[in-house]
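S.K.: Sequence below, structure please.
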Amino acid sequence: MRILIVDDDDSIRELVAMALEDEGYEVMTAAQGVQALQIAAATPPDLILLDMRMPIMDGWAFARTYHQLPGPHAPIIVLSATRNGLAVAEEVGAAGYLAKPFELVQLLTVVGAHRS
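M.R.: Here you go, the predicted model:
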């Protein structure tokens with residue numbers, strides 16, 4: 001399963017990537033939405049872990065643009081420290097939400113639920 005992590009925080013991106021790679025997932029990373037769109041177009045992911053607050057292209061703009069591209073589309077899991085994360089996830093048509101900070105077991109449970 002190929003997972004695209006989109007987060008401008010280097011430490012979060014690296015920690016999540018390491019944890020998922022240790023579980024056997026193929027991981028791609030992007031620091032912002034424009035880069036993520038380029039990666040997704042070149043190598044379509046099976047799941048996207050998306051931070052909402054990023055420079056250049058935030059999570060809202062990424063999700064809107066990504067869903068306008070020809071499908072199929074990977075499910076998006078919103079990763080956010082905002083108090084209304086569930087509402088944000090629903091707003092962008094995400095398949096789920098994981099509140100920051102999260103435990104690795106929570107991350108693996110959410111990702112595992114989308115394993116095909």
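S.K.: which residue ranges form the helices in this structure?
M.R.: 10-22, 33-42, 59-68, 85-91, 104-112 (DSSP state H).
S.K.: Tell me which of those lies nearest to Ile77.
M.R.: helix 104-112 (5.8 Å; C-beta to C-beta). Yep, even glycine has a C-beta here, placed from its N, CA and C like the rest.
S.K.: If you count contacts, what does that closest one end up packed against?
M.R.: In terms of contacts (3 or more C-beta pairs under 8 Å, 6 or more residues apart in numbering; DSSP states H and E), helix 104-112 is packed against helix 10-22, strand 96-99.
S.K.: Can you tell me which of the ones you listed is most buried?
M.R.: Mean neighbour count (mean count of other C-beta atoms under 10 Å) peaks for strand 96-99 among these, with a mean of 18.
S.K.: Give me the distance between it and the centre of its chain.
M.R.: 10 Å (C-alpha atoms, centre = their mean, to the nearest Å).
S.K.: which residue is nearest the centroid of the chain?
M.R.: Centroid-nearest residue in the chain: Leu49, 1.4 Å away (criterion: C-alpha atoms, centre = their mean).
S.K.: tell me, which of the helices of the chain is the model least confident about?
M.R.: Note on these: lowest mean pLDDT is at helix 85-91, with a mean of 87.
S.K.: Give the buried residues for it.
M.R.: Buried residues in helix 85-91, counting neighbours by 16 or more other C-beta atoms under 10 Å, are found at 85, 88-89.
S.K.: Just give the closest residue to Ala113, not the sequence neighbours.
M.R.: In space, Ala113 comes closest to Gly96 once its chain neighbours are excluded; the distance is 7.6 Å by C-beta to C-beta, 6 or more residues apart in numbering.
S.K.: Tell me the spacing between the one you found and Gly71.
M.R.: With distances taken as C-beta to C-beta, to the nearest Å, Gly96 is found 19 Å from Gly71.
S.K.: Could you do Asp51 as well?
M.R.: 23 Å.
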